[in-house]
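Participant: The amino acid sequence is not available; the structure is as follows:
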């Protein structure tokens, strides 16, 4: 498994729920109800992700690693995430992990502020 070390440079969007309540509610109403089988798949995927995160943390603890700023990577200061791609299966669109990464929990922009 290839693990990439990144800086946290996410762009965040906030939605003013009061101004956009109608549009957000309409969007949520369009979401299909999951079947019991689909819920089972999601639960299984969550367990797999938890196991992968634990394996990555165990590796990083056994092999101390620094981030791009030279800080030690720890559970307290960093987070593990993954990029995704979409795949259609049985008429549903699923997100599939393509690349795992580790990055600081607090973005560089928030550190400067």
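Facilitator: Yep, it's here. Because the structure is a prediction, the values reported are computed rather than measured.
Participant: mind listing the helices for the chain?
Facilitator: 17-29, 36-62, 108-112 (DSSP state H).
Participant: I figured residue 83 hits residue 99, correct?
Facilitator: Yes: under the criterion of Cβ atoms under 8 Å, residue 83 is in contact with residue 99, at a separation of 4.4 Å. Heads up, the C-betas are built off the backbone N, CA and C, glycines and all.
Participant: picking that back up, what would the helices of the chain look like in TSV with distance to residue 87?
Facilitator: Formatted as TSV, the helices of the chain follow (distance: least, Cβ to Cβ, whole Å):
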stretch	distance to residue 87
helix 17-29	22
helix 36-62	12
helix 108-112	32
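Participant: do you know how far the closest residue to residue 52 other than its chain neighbours is from residue 6?
Facilitator: Sequence neighbours aside, residue 100 is the residue nearest to residue 52 in space, at 7.2 Å (criterion: Cβ to Cβ, 6 or more residues apart in numbering). Remark: distance between residue 100 and residue 6 (Cβ to Cβ, to the nearest Å) = 10 Å.
Participant: try residue 75
Facilitator: Using Cβ to Cβ, residue 75 is found at 17 Å from residue 6.
Participant: any weak-confidence spans in this structure?
Facilitator: 1, 9-15, 17, 107-113 (pLDDT under 70).
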